[in-house]
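Visitor: Give me the fold of what follows.
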Amino acid sequence: MSEEKKDELDLLVGRMRSAAAPLRGTLNRLYEQFRDVRDGKVADYIPELAKANPDWFGISMVTAQGQAFDVGDASVKFSIQSASKPFVFGLALEDHGLEGVMNKVGVEPTGEAFNAIVLDEVSNRPFNPMVNAGAIATADLVKGADYPERVGRMLDMFARYVGHEVFVDTKVFMSERVTGHRNRAIGHLMRNFGMVGENFEESLELYFQQCSILVTCRDLAMIGATLANGGINPVTGVRAIDAQYVKYLLSVMLSCGMYDYAGEWAFRVGIPAKSGVGGGIVAVVPGKLGIGVFSPCLDLKGNSVRGVKVCSELSHMFGLHAFELDRNHQSLDEQLLPQRSR
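Guide: Numbering: from 1, shown residues only. Modelled structure (predicted):
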C-alpha cells in the first residue's frame, strides 16, 4: 500500500472513531440502564434454547454507510429463530414475484400467537409470513432442484446479508425437529387445504434449518443495515435482495414482526422489526441504520424483554417512529457526525 493510500485510510479510520464516540456513549448508557432487568424467562419449549445464559445482553448498530457500534455480548452466537422469517420471505419474492407469493401467503396481522393454528380459509392462505404457518408456506416457495440446493440457496442468501458464511447449529436443528410436533401439525393442515405442495415435509425441514442458523447481535445489525441501504450490504457492497422488494419486507416487519405485540409495537415504537425466541431482535431505520439486540429472556409474547426496552428507548430518544413529525428530539445524525463538526 502506498504512503498516500495509507494516510487516506488512517484519516478515514480516525474520522470513524471520532464519529463513534457520541453514539457509543449512548449505547453504553442504554446497556447500563437495562443490564439489571430480570423480567422474563428463557425459552424452554425447544430444549436447546433453554441452555442460554439469561445474563447475555448485547446491543449493536450498523449504519447504512457501514459504521458499526457494539456494546455488551455482541459477539455471542445464538440461533436466529423467527428473526429469519422476513428474509426467507424476500427470497420467495425473488423466486416467484410479488403476486406469486401473495397467492400463497397473505400480509394481514393476526393478533394471535406466532404458533397459533389459525389459517385464512377464505383466501386459502396463512395470514402472513411472520407467523409459523406463513413461514412454513414461505419456505415451501424457495426454489431448488433438490433439498440440498434449497438449503444452500437459503444459506447463501443469509451470507449476503451478514457479509460472511453462516452455519446451522446442528444441536438446535435436531432439537427443533424432535420437538416440532405443532409445526408439523400446521404443515399437515395446510397440506390438507392445498396451501403447500406435496413436498411440504421437506419444506418443514428447511424451516427448521432456517430457524437454527447461528448469528450474533452484530450480524442482526448488519442485516438491518443492509435493508436500510436498499438491499445492499454496506460493508461488502454485495446485493442481498432485489431493491424492489425491500419495502415489502419492511412493511410486513412493521405490521407483523413482533408476534402478537406487533400492533402495539407499531403504535409505540414504529420501527420495522422482527424478533426471535432465541432472544434476538433485528430492527431497521430506513436510509440510516440497522439495530440488533440480543437478550434471551422473553416476555409472554415471545419477545426479548431487554430488546423491546432498548428499541423503545432509541425510538423515543431519537424520534425514529415511522410517523414521527416532532423534531424536539436528539438528532441521530448528529450522533454520527465527527466530533469536530458538532
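Visitor: in what helix or strand does Ser123 lie?
Guide: Under the criterion of DSSP states H and E, Ser123 resides outside all helices and strands.
Visitor: quick one: the helices in the protein?
Guide: For the chain, the helices defined by DSSP state H occupy 3-34, 85-102, 132-139, 147-162, 170-179, 181-192, 200-211, 217-228, 243-256, 262-268, 305-318, 332-335.
Visitor: quick one, which of those is nearest to Gln67?
Guide: Nearest of the helices of the chain to Gln67, taken as CB to CB: helix 3-34 at 5.8 Å. C-beta: built from backbone N, CA, C; applies to glycine.
Visitor: give the contact list for the closest residue to Ser312 other than its chain neighbours.
Guide: Sequence neighbours aside, Val269 is the residue nearest to Ser312 in space, at 5.3 Å (criterion: CB to CB, 6 or more residues apart in numbering). When contacts are counted by CB atoms under 8 Å, 6 or more residues apart in numbering, Val269 touches Val308, Cys311, Ser312, Ser315, His321.
Visitor: Point out where the chain drops to low pLDDT.
Guide: Along the chain, segments meeting pLDDT under 70 span 1-21, 113, 115-116, 326-342.
Visitor: what about 80?
Guide: Counting by pLDDT under 80, the chain contains low-confidence residues at 1-22, 111-122, 325-342.
Visitor: How much space separates the spatially closest residue to Ser315 that is not a sequence neighbour from Gly263?
Guide: Using CB to CB, 6+ apart and skipping the chain neighbours, the partner closest in space to Ser315 is Val269 (4.7 Å). With distances taken as CB to CB, to the nearest Å, Val269 is found 11 Å from Gly263.
Visitor: you'd agree Asp120 is up against Asn128?
Guide: No - counting by CB atoms under 8 Å, Asn128 is not a contact partner of Asp120; they are 9.4 Å apart.
Visitor: hmm, back to that, look up phi and psi at the residue nearest to Ser315.
Guide: With angles defined as degrees, to the nearest 10, Val269 sits at phi -100, psi -50.
Visitor: Can you list the buried residues in stretch 31-51?
Guide: For stretch 31-51, burial by neighbour count (16 or more other CB atoms under 10 Å) applies to Tyr31, Phe34, Gly40, Val42, Ala43, Ile46, Glu48, Leu49.
Visitor: any idea how far the fifth one is from Ile136?
Guide: In this structure, Ala43 and Ile136 are separated by 19 Å, where distance is defined by CB to CB.
Visitor: which one is Lys77 nearest to, not counting chain neighbours?
Guide: Take Lys77 and drop its neighbours on the chain: the residue closest to it by CB to CB, 6+ apart is Leu214, 4.6 Å away.
Visitor: Any idea what that neighbour is bridged to?
Guide: Going by DSSP bridges, Leu214 is paired in beta bridges with Ser79.
Visitor: ok, it - how many residues close by?
Guide: Leu214 has 15 neighbours, counted by other CB atoms under 10 Å.
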